[in-house]
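>>> need a 3D model of the sequence below.
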Amino acid sequence: MENSFLYAARKSKGYTQAQVANEAKISVGGYTNIENGKRMPSVKAAKRIAKVLDIEWSKIFENNNRASHARNLAQH
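Down below sits the predicted model:
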């Protein structure tokens, strides 16, 4: 399940995944996995992503936790 908050923030800035990744100094694949909800970023990486997208870094985790919870409920 994708992190729609990150997707929306990125699109509102007109950035590609590669642009966010490069500015945040993480791999494109790593950022893609974070945005797609397949991986959680470290706090350090979340802060760098948030700075690029001009968002509150903790929102990245809030959105991912909701998505993870929904996935867990769907599996049971």
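>>> once you drop chain neighbours, what's closest to the residue nearest the centre of the chain?
What sits nearest the mean C-alpha location of the chain, by CA atoms, centre = their mean, is Glu35, with 3.9 Å. Nearest residue to Glu35 in three dimensions, chain neighbours excluded: Leu6, at 4.7 Å (CB to CB, 6 or more residues apart in numbering). Yep, even glycine has a C-beta here, placed from its N, CA and C like the rest.
>>> and that neighbour, how many neighbours?
26 (other CB atoms under 10 Å).
>>> if I look at it, how far off is Arg48?
Distance of Leu6 to Arg48, computed by CB to CB, to the nearest Å: 13 Å.
>>> go on, Arg39?
Distance from Arg39 to Arg48, by CB to CB: 15 Å.
>>> equivalent analysis for Ile26, please.
Applying CB to CB, the value for Ile26 to Arg48 is 7 Å.
>>> quick check: the residue nearest to the centre of the chain touching Phe5?
No. Using CB atoms under 8 Å, Glu35 is not in contact with Phe5; the gap is 9.4 Å.
>>> contacts for stretch 34-52, please.
The contact list for stretch 34-52 (CB atoms under 8 Å, 6 or more residues apart in numbering) reads 1-3, 6-7, 10, 15, 17, 20, 23-26, 30-31, 33, 56-61, 64, 67-68.
>>> residue ranges in the chain under the pLDDT threshold?
Judged against pLDDT under 70, the low-scoring parts of the chain cover residues 1-2, 63-76.
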